[in-house]
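>>> For reference, the sequence and a predicted model appear below.
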Amino acid sequence: MGFFVTIGYMLSLNTKVAGLPTVKKPVIKHLKTLGLKTVQDLLFYFPFRYEDFRLIVPISKIQPDVPVTIKGVIQLIGSKRSFYQKSNITEIIISDGTGQLKVVWFRQPYLSKTLKVGDRIAVAGKVEFGRYGVQMTNPVYEKEKEGEGFVYTGRLVPIYSSTKGLTQKQLRFLISQCLPSATLMKDWLPDDIIKKNNFLSLGQSIKEIHFPVNDKNFKLAQTRFQFEEVFLMQLQNELSRQEIKQLRAPNLFFRQEEIKEFVNALPYPLTTDQRKAAWEILQDLEKTHPMNRLLNGDVGSGKTVVAAIAIQNTVLNGYQAILMVPTEILAEQHFQTFSKLLPDKRIGLLTSKMLKINNNEIKPTKKEFLEMLKKGEVDICIGTHSLISESVKFKKIGLAVVDEQHRFGVKQRHAMIVPNKKQKTAPHFLSMTATPIPRSYALAMYGDLDLSLIKQMPKGRQVIITRVVDETNRYKAYEFIRREVKKGRQAFVVCPLIEEKEESESKDFGFKMEQKTVMAEYKKLSEQVFPDLNLTYLHGKIKAIDKEQIMKDFGDKKLDVLISTSVVEVGVDFPNATIMMIEGAERFGVAQLHQFRGRVGRGVHQSYCLLFTNSTTEKVKERLSFFAQTSDGFTLAEKDLETRGPGAIFGMEQHGFSVLKTGELGSMEMIKKSREAAAEIVVNDPKLANYPLLKEKILQLEKTVHLE
């Protein structure tokens, strides 16, 4: 179809984007924002969806609200300024011999200079029948080029994640320039796997995923990339599992009397699921090979107490325990929780910006803190990935716990499990996740881990009342929040973005999507809605010491409303907070919404979750309505699997892999096939000596692990 842009020579995969023809400095800057610096980066920057403009129809046959491509000649062109919107409008009339069609673009004044009467043009979008007649508004367009025909219409058109100042058309053009270089790609997937599954080559798959020629090839390319993402995860897990099998772990005897005393002292009885999970873990700790277990539980089901039982048993056996979490806020929260649960133990907090000892009035220096860890003077150390830096040494670790384990890369978890390769020893390893994962997928994805489930809620936990609130009732919702605050309660307001500059504007669509931001909401709520209440804001860019103070003030009830990004998604535990208000709810999956909702309802008071959305689509309404009516996290996870794919649940980008490029992991059958293929390779060739390209790929992934 001639969609490759001819540039006269083959580009190297390492060619900088600055070296591409026609690329200007502002575009280079925007590409860098997206992490696109080389030709190879562009080739692996996959579309997140496609517009289907394959239906090409004559003007006389057009139907309303159906995506189509119209080809014709420009008969008339004009530009004017809208009186009401104060913006530029460009209008053209095109004809194809069967009729004429009016096409309108908003806020794209340059089009009146780019397009000329007599140009052959294709426009793609939906036709509207309005009071001004038949027209197409803000369509994708392109002029016919001699010898090439039309490129970006009349086909599946890729849509890429972008940034302000960079259009879809620019991204498509640049990527099309690079596509011939896809043939230079070394195919790291073993030949026997490619043949067995009838996959396309890597180079051909890249071409098809960007600009599909037909449905068959597109599906083949999509399937290949889905497979290889899961295969790489399974391969890393398999390599780690084989290494762990060769290691020994301390047998930590069950200190029955002390553990029974600890459980009886808790202010609430354990649920049956908690008792069962704790017993499974305690039995594993007595074995002489490393425990490797996943504690999978719903929001608020009490996983932390189960972990505390395991940690207490470890310390009673004379060993140290460590707990690694993905964010500083969660680390601080766990530090406070464990200091209350185990006040007689010396507990340390270590992140890149925080250093604490719970029962030490004199704050140690980092050097002194590390020396205490090395001498075994700290029983339990809680922290972020700082825990696995080379400078951190422990006297003897008996148990390593990872909370929100899917947010860490395989390499990071492996560093905790195998800290002492020379002595062939390792601590027991417990993974926890507050993102419920359906059992079938958990077993498929984490087959190397034993699985403990906690589905029951602690006695007395009330169901959180959830409502999708219509925009017309917004101020009623504000008044409801005010009434709750007057009762002594507190509220969260979650927004998708920090500030407006994060919003993207696409010239292809000619409008700017309004999104709620933390800073804008803080200004509105503090100045106009709740000027008499105590409000503040929280987001990931705030300094750690300031975050700590904000969370302390909220916990001490000095604040009434906390406006935040998703940094409050996990681990935040304030029993006095009873309202979770979520702006832009359509931007989050139901599993993540469930995490937000789980930040309230943790005390004795009835709690509420209020959802607001700008979207009017039936699909969004249905999803949010389902969420509002469903309180079980595992049921919601199943829904996310259906609508967003397992990548949304498993956090694939956190495993050390690129973002799941095709949007989903694929079927259980594909996961099974990938596990079998990975296991067969590792069993026969544990060093990957016969697979140098595959080994190189694994090493590359380990170097580019992304952590929150």
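Looks like it came in fine. No experiment lies behind these values; they were computed from the predicted model shown.

>>> what packs against the lengthiest helix in the chain?
As assigned by DSSP state H, the longest helix anywhere in the chain is helix 215-245. Applying 3 or more CB pairs under 8 Å, 6 or more residues apart in numbering; DSSP states H and E, one finds that helix 215-245 makes contact with helix 191-197, helix 202-210, helix 410-417, helix 668-684, helix 692-703. All C-beta spots, glycine's among them, are computed from the backbone N, C-alpha and C.

>>> what's the closest of those helices to Asp41?
helix 202-210 (12.3 Å; CB to CB).

>>> ok, residues contacting that closest one?
Residues outside helix 202-210 that contact it (CB atoms under 8 Å, 6 or more residues apart in numbering): 43-44, 46-47, 158, 175-176, 179, 182-189, 199-200, 217-218, 220-222, 224-225, 661-662.

>>> Buried among these? Need that as a selection in PyMOL.
A single PyMOL command selects the buried members of the contacts of helix 202-210 (16 or more other CB atoms under 10 Å):
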select buried, resi 43+44+46+47+158+175+176+179+182+185+188+189+199+200+217+218+220+221+222+224+225+661+662
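
>>> Take the helices and strands packed on helix 215-245 and write them to a markdown table, including mean neighbour count and mean pLDDT.
Formatted as a markdown table, the helices and strands packed on helix 215-245 follow (neighbours: other CB atoms under 10 Å; pLDDT from 0 to 100):
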| stretch | mean neighbour count | mean pLDDT |
| --- | --- | --- |
| helix 191-197 | 13 | 92 |
| helix 202-210 | 22 | 93 |
| helix 410-417 | 21 | 58 |
| helix 668-684 | 17 | 85 |
| helix 692-703 | 14 | 83 |
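
>>> and the ones you listed as a markdown table, adding distance to Arg623?
As requested, the helices and strands packed on helix 215-245 are arranged in a markdown table below (distance: least, CB to CB, whole Å):
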| stretch | distance to Arg623 |
| --- | --- |
| helix 191-197 | 33 |
| helix 202-210 | 26 |
| helix 410-417 | 31 |
| helix 668-684 | 23 |
| helix 692-703 | 32 |
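
>>> Out of those, which is closest to Pro458?
helix 410-417 (28.2 Å).

>>> and of the helices and strands packed on helix 215-245, who's closest to Val123?
Short answer: helix 202-210, nearest of the helices and strands packed on helix 215-245 by CB to CB, at 21.7 Å.

>>> now that closest one and helix 215-245, what's the angle there?
Calculated by axes from the mean of the first three to the mean of the last three CA atoms, to 10 degrees, helix 202-210 forms an angle of 120 degrees with helix 215-245.

>>> residue boundaries of the helices in the stretch 501-650 of the chain?
Taking DSSP state H, counting those that start in this stretch, the helices of the stretch 501-650 of the chain run over residues 518-524, 544-555, 590-597, 618-629, 633-643, 647-650.

>>> need those helices in JSON lines with mean neighbour count, can you?
Below are the helices of the stretch 501-650 of the chain laid out as JSON lines (neighbours: other CB atoms under 10 Å):
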{"stretch": "helix 518-524", "mean neighbour count": "18"}
{"stretch": "helix 544-555", "mean neighbour count": "16"}
{"stretch": "helix 590-597", "mean neighbour count": "25"}
{"stretch": "helix 618-629", "mean neighbour count": "16"}
{"stretch": "helix 633-643", "mean neighbour count": "20"}
{"stretch": "helix 647-650", "mean neighbour count": "23"}
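
>>> Out of these, flag the one nearest Lys395.
helix 544-555 (27.3 Å).
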